[in-house]
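>>> coordinates only, sequence not included:
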């Protein structure tokens, strides 16, 4: 993985048998707790935001082959380099502390891997995060308390979150 990080090589990360998920992008940090990467959007064929998953879930990864590399329409990964305080993001809790100032984040939990919460961090303890939820139609909803150990994925800085917050500001 060190070579992939150092040389910014796009990879696919396979979470089987833990979860039936494959994520794609460029890894920018990997330690025993967190795997942080620049997400590749397979619909727009460009890099779009960041994600954090638990390192322990990663069973295998592979570099992209030549054909996959040729699919990149906008090799914009450099827009995401040096945008995060990676030195402070050594755990899920540390990552959430670093993300407190972000307008929106998306969180998947172990209880339901098909749906997720989008919101702004309103509170944070060592064991829980409190999100002010935002609906798909950009309406602020109630607070949601989430146990940090149950979080499987944190996404942020994607075009989806940017569009949602832009809609909030226009209302």
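Structure received. What you are looking at is a predicted structure, and each value in this text was computed from that prediction instead of being measured.
>>> now the lengthiest helix in the chain: buried residues?
Counting residues, the longest helix found in the chain (DSSP state H) is helix 159-170. Within helix 159-170, the residues scored as buried using 16 or more other CB atoms under 10 Å are 160-161, 164-165. Using the backbone N, CA and C atoms, a C-beta is placed for each residue, glycine as well.
>>> got CSV for the residues you listed, with pLDDT and distance to residue 24 too?
As requested, the buried residues of helix 159-170 are arranged in CSV below (pLDDT from 0 to 100; distance: CB to CB, whole Å):
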residue, pLDDT, distance to residue 24
160, 92, 16
161, 92, 18
164, 90, 23
165, 86, 25
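>>> got those residues as CSV, with distance to residue 49 columns?
Formatted as CSV, the buried residues of helix 159-170 follow (distance: CB to CB, whole Å):
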residue, distance to residue 49
160, 8
161, 7
164, 12
165, 13
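>>> show me which pair in those is furthest apart.
Using CB to CB, the buried residues of helix 159-170 span at most 10.0 Å, a distance reached by 160 and 165.
>>> residues contacting the closest residue to residue 93 other than its chain neighbours?
With sequence-adjacent residues excluded and distances taken as CB to CB, 6 or more residues apart in numbering, residue 93 is closest to residue 148, at 5.7 Å. Residues counted as contacts of residue 148 (CB atoms under 8 Å, 6 or more residues apart in numbering) are 92-93, 96, 126-129.
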